[in-house]
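**Q** Generate coordinates for the sequence data below:
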Amino acid sequence: MNYTEIMDAVKNASLFDLYRLKVAISNELENYERINRIKNAINIGDVLFYFGHRGNKLEQAKVVQKNIKYAIVEKIEDGKRWRIAYYLFNLDGVDTEIHTNSVKLSKNTLKVGDFVGFDNNGTTIAGMIIKLNRTRVKLVTPSNQRWNVYYEHLFRIIDVDIINQFDPCLLNKLG
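**A** Next comes the predicted model:
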């Protein structure tokens, strides 16, 4: 499924259309047969990827327990345990990126660990995203300064020299 094409279509939809789709999608996410197919396809001890909405990216975790609607997983990155719905598992290895032709960045096009910059009174500030909020991102600079910046002020950073200024431990933790 091409998420970029879907998001392009969604941008032209009315709020009512979006709500109607939300209800239909919610009904499908609660479909008992679909949930059981996923539940039966995974085993305790499997290391899988699931989509984490907080970071807007795939997370790797080990299945610890299977319940009726949810699985308990242990994130590989930090060992924390989470209860997640079965529909979050990316069993087919789907590309979850949403690409856009627009230079305008949004919560859908960014993820925790991405490098971005913004202009602060004529000075370019570069940082790595540590949290995505509804209207802003939280980012940290190589000197450990923290900023809250609105999406519309951001641009992507692809300069390797800037990226190399970051502490590798921080990169491994968040990237």
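**Q** care to break the chain down by domain?
**A** Following automatic domain parsing, the chain resolves into domains at 3-88, 115-174.
**Q** Take those and write them to CSV, including mean pLDDT.
**A** Converted to CSV, the domains of the chain look like this (pLDDT from 0 to 100):
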stretch, mean pLDDT
domain 3-88, 93
domain 115-174, 84
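**Q** of all those, which lies closest to D95?
**A** domain 3-88 (7.9 Å; Cβ to Cβ). C-beta coordinates here come from the backbone N, C-alpha and C atoms, glycine included.
**Q** List the residues that contact the one residue sitting closest to the centre of the chain.
**A** In the chain, the residue lying closest to the centroid (Cα atoms, centre = their mean) is N56, at 0.9 Å. By Cβ atoms under 8 Å, 6 or more residues apart in numbering, the residues touching N56 are 107-108, 110-112, 132.
**Q** Closest one of those residues to V10?
**A** N108 (9.5 Å).
**Q** Are we agreed that the closest one is in a helix?
**A** No: membership of N108 in a helix is not supported by DSSP: H, G, I helix; E, B strand; the rest coil, which gives coil.
**Q** helix/strand/coil for the residue lying closest to it once chain neighbours are set aside?
**A** Closest residue in space to N108, ignoring its immediate chain neighbours: I98 at 5.0 Å, by Cβ to Cβ, 6 or more residues apart in numbering. Secondary structure state of I98, per three-state DSSP, is coil.
**Q** any idea how far I98 is from L139?
**A** Look at I98 and L139: by Cβ to Cβ, to the nearest Å, they are 20 Å apart.
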